[in-house]
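In: For reference, the sequence and a predicted model appear below.
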Amino acid sequence: MGEIYVKVIGDGPYLVFGKPELCEEIIISDNDNVSIEYAKGKVFEVNSNPVALCRCGKTKNPPFCDNSHSCMDFDGTETASFEPVINNCIKYSGRYLTLFDNEKLCACARFCDAAGSVWSLIYKDDYLSTSEVKRQVNLCPSGRLILFDKDGNMLEDNLQKCITVLKDDGLGISGPLWLKGGIRVESAGGASYEIRNRQTLCRCGKSKNKPFCDCSHTHIKFIAGNPYS
């Protein structure tokens with residue numbers, strides 16, 4: 001099938017090449033609305049290469065593009081930086097682990113709020129706390145959180161290349177596209193963004209950091225396929 005990658009189309013959809021697995025993942029949360037795990041949802045059939053996925057937020061056939069962007073005033077202008085993400089992170093140094101945080105990439109998956117939050121756990125020395133930090137960081141879909149040990153090794157699970165469509169049951173909304181396993185994203189102008197193991201692409205059309213998610217879907221209560229969202 002060739003390289004799996006995503007091409008951003010100016011004021012249009014994402015073209016996904018290589019026919020990766022495309023499925024839904026559902027964020028499951030507890031009674032305090034803290035995310036605890038992912039559950040598998042539907043699997044989408046991909047019959048074309050490339051396949052066009054919606055990024056304007058108005059398709060009636062999510063996650064696929066139905067050309068709704070051409071019937072509205074959709075501004076798909078990309079504003080994200082091409083710099084390495086870590087260059088714009090805040091650094092938190094614990095005794096055993098170092099956490100880097102690029103808040104601009106937050107997808108509001110909320111796994112980082114468990115057990116008192118990853119930002120407090122990073123400063124604790126016990127085994128359970130360090131294990132929980134690793135768990136929370138690896139569940140962060142956007143790669144906003146990056147974790148290293150004191151020898152400079154990145155502590156990140158190896159992910160297979162696939163794209164999942166996030167749904168947030170706790171908030172009752174739709175989420176971004178989650179790109180796993182180092183899928184390259186090529187801008188409309190032809191330049192590639194940093195290739196990362198975890199990253200999320202805006203699907204509501206409102207991000208101020210396009211093409212990446214910046215939590216805007218939570219503010220507008222985005223529901224994919226809902227013409228009033």
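Out: All right, it came through fine.
In: For the rest of this, base every contact and every neighbour count on C-alpha atoms.
Out: Noted.
In: Which parts of stretch 162-174 count as buried, going by neighbours?
Out: 162-168, 170, 173-174 (16 or more other C-alpha atoms under 10 Å).
In: Just list whatever residues bridge to the residue positioned nearest the centre of the chain.
Out: When C-alpha atoms, centre = their mean is applied to the chain, the residue found nearest the centroid is residue 200 (2.1 Å). Listed by DSSP bridges, the beta-bridge partners for residue 200 are residue 178.
In: Double-check it against residue 210; I have them as touching.
Out: No: in this structure, residue 200 is not within contact of residue 210 by C-alpha atoms under 8 Å, at 10.3 Å.
In: Spit out the contact partners of residue 74.
Out: By C-alpha atoms under 8 Å, 6 or more residues apart in numbering, the residues touching residue 74 are 11, 56, 205.
In: Give the pairing partners of the helix or strand where residue 6 lies; include direction for each.
Out: Applying DSSP states H and E as the criterion places residue 6 in strand 5-8. Sheet pairing for strand 5-8, assigned by DSSP bridges, gives strand 14-17 (antiparallel), strand 184-186 (parallel).
In: Just the ones in helices from the buried residues of stretch 162-174, please.
Out: Members of those lying in helices (criterion: DSSP state H): none.
In: Pick out the lowest-pLDDT one from these.
Out: When the buried residues of stretch 162-174 are compared by pLDDT, residue 170 scores lowest at 91.
In: Not counting residues beside it along the chain, what's closest to that residue?
Out: residue 29 (5.4 Å; C-alpha to C-alpha, 6 or more residues apart in numbering).
In: so what's that neighbour bridging to?
Out: With DSSP bridges as the rule, residue 29 is bridged to residue 35.
In: What's the mean pLDDT across the longest helix belonging to the chain?
Out: The longest helix of the chain (DSSP H) is helix 127-139. On average, the pLDDT along helix 127-139 is 94.
In: Tell me where the model's unsure across this protein.
Out: The model of the chain has pLDDT under 70 over residues 1, 227-229.
In: Tell me where it has helices.
Out: 118-121, 127-139, 216-219.
In: now those helices in TSV, with distance to residue 16?
Out: Converted to TSV, those look like this (distance: least, C-alpha to C-alpha, whole Å):
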stretch	distance to residue 16
helix 118-121	33
helix 127-139	24
helix 216-219	22
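In: nearest to residue 86, of the ones you listed?
Out: helix 127-139 (14.4 Å; C-alpha to C-alpha).
In: next one: the closest one to chain centre, how far?
Out: 19 Å (C-alpha atoms, centre = their mean, to the nearest Å).
In: for stretch 57-69, same thing?
Out: For stretch 57-69, the distance to the chain centre is 19 Å (C-alpha atoms, centre = their mean).
In: From what I see, residue 9 and residue 52 are in contact.
Out: No: at 9.6 Å, residue 9 does not count as touching residue 52 under the criterion of C-alpha under 8 Å.
In: Alright, that wraps it up for me.
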